[in-house]
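1. heads up, no residue letters with this:
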């Protein structure tokens, strides 16, 4: 049985393919289109998934799409009538809904086949159920509480439930227009970060400020006694005016969400070219703090309601790694699982898992601890490409490779590391990474000067051998997807300044030999020379989606000042 999963007509468009409960491939469309957060129909990701599975669309049994236009339809109509939603906004929504309904027509055009050739049954799976399935059905837990929390999907922003075996039961939800994702995004815009997906910048800026405005924000984000929340809608535009959204050329853009009332209460919004003042840093710290408090508020009520000790979280807000790192110490849960693609891209796979487990009643797959479901290239393919480009290179054995790369790192080198299958999700996890010696106090300046050219307040992450976490971090957990931030032990911060944020934390990735063997061996080789079992890891890109092919990796190497490029067992040096 083949199941093709889709996240379409939404930011972070993606596709996945499963065969009899095994995940064969999954990837975001942005990796192929080269536009961040690409929105629209994921035609290139679909082609990739079918190719990896060695099948055509004619062989697919089910197509799942993580949108259900019929979900909450009565609430949508009541809201539109009550708030006199503009005709243009309604037309845009109807057009989007129509596209979702015509998935076979989109596939026929993209793949050059007749609609009649596509025998698969199409299943629309509600957005948050797809999120929940992406977390719980991929987790190691037989039973767990589940939280899906994001901006909006199918008129819902938050959903809580319980997973037992191969079934998920929904307990409650928060409906439009109330959303903590909208709360965070509106203040992201207010602080001058106007690109889709810029929320991580607020998270990185927050440690430079003090949370002095949390009490003021309690008038914006209102906690409820039932463990959920609502917004004070005076601060936002979306409920009454709607929000302009466009996907021209595949790039998602969202108009301003915050209202004039927010400017009255919090002062003028920052222009993106203006200096970041201490006020802006304090506001970022306050937004981050109250968001964390809300997540703990929801989860603690969920734990008391269910009595369970395991929890799974997904959704855009689940990408807040700072909050994630504090969940177990601020709630009564003992274990937490977050998938590699907790954001909307993950709903492609989540919708398929929901169908396979929940609807079809099939047994669950093994717990997923790796994100290696994307593109891959072998040494012979890479050599043929480099010869065609007339690029000088050296091909080495594994041991020779680790020796050369670690020596380059010790010599202040910045290395592009491209190996294995590309990762599914927003993080580079040692397959499409740029790596640096974490002991260098000038590493951030080195990276920004040579490649990244990004804001100085944004941290870089440590990849650490799993067995050494207790030696460097205050908390010990399995963090394969770089989804949690933990405090670094005070006596270790001076040892790894390049990956220690201003507040003494690090967004760690735990690396084990079973799921990430080559990256594990590289870090081990570095550890033998330095007694530091850590590498600085940042995504292999330069203001673009993470590189997906040897050609993109080479182009990034050539247009930047990177010192070494590693493509499987092949190295290129300046």
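-> Perfect, I can see it now. Keep in mind that this is a model prediction, so the values were computed, not measured. Numbers count the residues shown, from 1 in each chain.

2. Mind telling me what element the residue nearest to residue 473 when sequence neighbours are not counted is part of?
-> In space, and not counting its chain neighbours, residue 473 is closest to residue 486: 4.5 Å by C-beta to C-beta, 6 or more residues apart in numbering. Glycine gets a C-beta too; all of them are placed from N, C-alpha and C. Element membership of residue 486, judged by DSSP states H and E, is strand 484-487.

3. biggest strand in the chain, by residue count?
-> Using DSSP state E to define each element, the chain has its longest strand at strand 143-153.

4. For residue 102, give me the pLDDT.
-> Residue 102 carries a pLDDT value of 88.

5. my guess is the residue nearest to residue 473 meets residue 508, correct?
-> Yes: contact criterion C-beta atoms under 8 Å: residue 486 and residue 508 qualify, at 6.0 Å.

6. out of these two, which sits in the more crowded spot?
-> residue 508 (27 against 24; other C-beta atoms under 10 Å).

7. quick revisit: so what sits against both of residue 486 and residue 508?
-> By C-beta atoms under 8 Å, 6 or more residues apart in numbering, residue 486 and residue 508 have these common neighbours: 473, 479.

8. Show me which residues of the helix or strand following the longest strand of the chain are buried.
-> Next helix or strand after strand 143-153 toward the C-terminus (DSSP H and E): strand 156-164. Neighbour counts over strand 156-164 (16 or more other C-beta atoms under 10 Å) mark 156, 157, 158, 159, 160, 161, 162, 163 as buried.

9. ok, residue 304 to residue 469 distance?
-> 30 Å (C-beta to C-beta, to the nearest Å).

10. ok, these two, which is more surrounded?
-> residue 469 (18 against 11).

11. Just the element for the more buried one, please.
-> Using DSSP H and E, residue 469 falls in helix 469-472.

12. What lies in contact with that helix?
-> Under C-beta under 8 Å, 6+ apart, the answer for helix 469-472 is 462, 464, 476, 477, 479, 488, 489, 492, 496, 508, 510, 534.

13. Could you grab the helix/strand/coil label for the first one?
-> What it means is residue 462. strand (DSSP: H, G, I helix; E, B strand; the rest coil).

14. How about the contacts made by it?
-> 438, 472, 496, 499, 506, 507, 508, 509, 534, 535, 536, 537.

15. now do the third one
-> With contacts taken as C-beta under 8 Å, 6+ apart, residue 476 has the following neighbours: 469, 470.

16. Look up which helix or strand it falls in, please.
-> In this assignment (DSSP H and E), residue 476 forms part of neither any helix nor any strand.

17. Find the residue ranges of the chain scoring beneath the pLDDT cut-off.
-> The chain contains residues with pLDDT under 70 at 71-101.

18. please redo it, this time with the cut-off set to 90
-> 9-10, 69-102, 240-249, 444-446, 448-457, 543, 574 (pLDDT under 90).

19. Determine the three-state secondary structure at the most centrally placed residue in the chain.
-> Compute the mean C-alpha point of the chain, and by C-alpha atoms, centre = their mean the closest residue is residue 426, 4.0 Å away. Three-state call for residue 426 (three-state DSSP): coil.

20. Could you do the one 3 residues further on as well?
-> Three-state call for residue 429 (three-state DSSP): coil.

21. Residue 480 is in contact with that one, correct?
-> Yes: the pair residue 429 / residue 480 is scored as a contact, 7.3 Å apart, by C-beta under 8 Å.

22. neighbours around the nearest residue to residue 315 once chain neighbours are set aside, how many?
-> Nearest residue to residue 315, sequence neighbours excluded (C-beta to C-beta, 6+ apart): residue 150, at 3.6 Å. Residues near residue 150, counting by other C-beta under 10 Å, number 28.

23. Test my guess that residue 150 contacts residue 134.
-> No: under the criterion of C-beta under 8 Å, residue 150 makes no contact with residue 134, lying 11.9 Å away.

24. hang on, the earlier thing: list the contacts for the residue nearest to the centre of the chain?
-> So residue 426 contacts 319, 341, 343, 345 (C-beta under 8 Å, 6+ apart).

25. Of all pairs in the residues you listed, which one spans the longest distance?
-> Using C-beta to C-beta, the two most remote members of those are 319 and 345, lying 10.7 Å apart.

26. and those two? which has more neighbours close in?
-> Per other C-beta under 10 Å, whichever of residue 319 and residue 345 has more neighbours is residue 345, with 32 against 22.

27. any idea how far that one lies from residue 28?
-> Going from residue 345 to residue 28 by C-beta to C-beta gives 5 Å.

28. Now list whatever residues contact both of these two.
-> Joint contacts of residue 345 and residue 28 (C-beta under 8 Å, 6+ apart) are 12, 13, 14, 424.

29. What is the three-state secondary structure of the first one?
-> The three-state label given to residue 12 by three-state DSSP is coil.

30. My guess is it contacts residue 30. True?
-> Yes: distance between residue 12 and residue 30: 7.2 Å, which falls inside the contact criterion (C-beta under 8 Å).

31. Quick check: neighbours shared by those two?
-> In terms of C-beta under 8 Å, 6+ apart, residue 12 and residue 30 are both contacted by the residues 37, 38.

32. and residue 2, what does it touch?
-> Contacts of residue 2 by C-beta under 8 Å, 6+ apart are 17, 18, 19, 53, 55, 59, 60, 61, 62.

33. any chance of the residues you listed in CSV, plus neighbour count, distance to residue 446 and secondary structure?
-> Conversion of these to CSV gives the following (neighbours: other C-beta atoms under 10 Å; distance: C-beta to C-beta, whole Å; DSSP: H, G, I helix; E, B strand; the rest coil):
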residue, neighbour count, distance to residue 446, secondary structure
17, 28, 40, strand
18, 25, 42, strand
19, 16, 44, strand
53, 18, 41, helix
55, 16, 45, coil
59, 14, 49, helix
60, 22, 47, coil
61, 12, 51, coil
62, 20, 49, strand
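
34. now the residues you listed as a markdown table including distance to residue 376?
-> Shown next, in a markdown table, are the contacts of residue 2 (distance: C-beta to C-beta, whole Å):
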| residue | distance to residue 376 |
| --- | --- |
| 17 | 15 |
| 18 | 18 |
| 19 | 17 |
| 53 | 14 |
| 55 | 18 |
| 59 | 21 |
| 60 | 22 |
| 61 | 25 |
| 62 | 25 |
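
35. measure the residue of the chain most remote from its centre to residue 253 for me?
-> Relative to the average C-alpha location in the chain, and by C-alpha atoms, centre = their mean, no residue lies farther out than residue 390, which sits at 36.3 Å. Residue 390 is 40 Å from residue 253, where distance means C-beta to C-beta.

36. for residue 496, same thing?
-> On the measure of C-beta to C-beta, residue 496 and residue 253 end up 38 Å apart.

37. These two: which has the busier surroundings?
-> residue 496 (23 against 16).

38. wouldn't that one be in contact with residue 438 here?
-> Yes: if you go by C-beta under 8 Å, residue 496 and residue 438 touch, sitting 4.4 Å apart.

39. Give the residues shared as contacts by these two.
-> With C-beta under 8 Å, 6+ apart as the test, residue 496 and residue 438 both reach 462, 532, 534.

40. tell me which of those is nearest to residue 275?
-> When the shared contacts of residue 496 and residue 438 are compared against residue 275 (criterion: C-beta to C-beta), the nearest one is residue 462, at 29.9 Å.

41. and the closest one, what are its bridge partners?
-> For residue 462, the beta-bridge partners under DSSP bridges are residue 536.

42. try residue 246
-> residue 253.

43. Just give me the neighbour total for it.
-> For residue 246, using other C-beta under 10 Å, the count is 12.

44. so how far is residue 11 from it?
-> 11 Å.

45. returning to that earlier point: in terms of neighbours, single out the busier of residue 429 and residue 480.
-> Between residue 429 and residue 480, counted using other C-beta under 10 Å, residue 429 has the larger neighbour count: 27 against 20.

46. which residues sit in contact with the more buried one?
-> With C-beta under 8 Å, 6+ apart, residue 429 has these contacts: 340, 371, 423, 463, 480, 481, 482, 509, 516, 519, 537.
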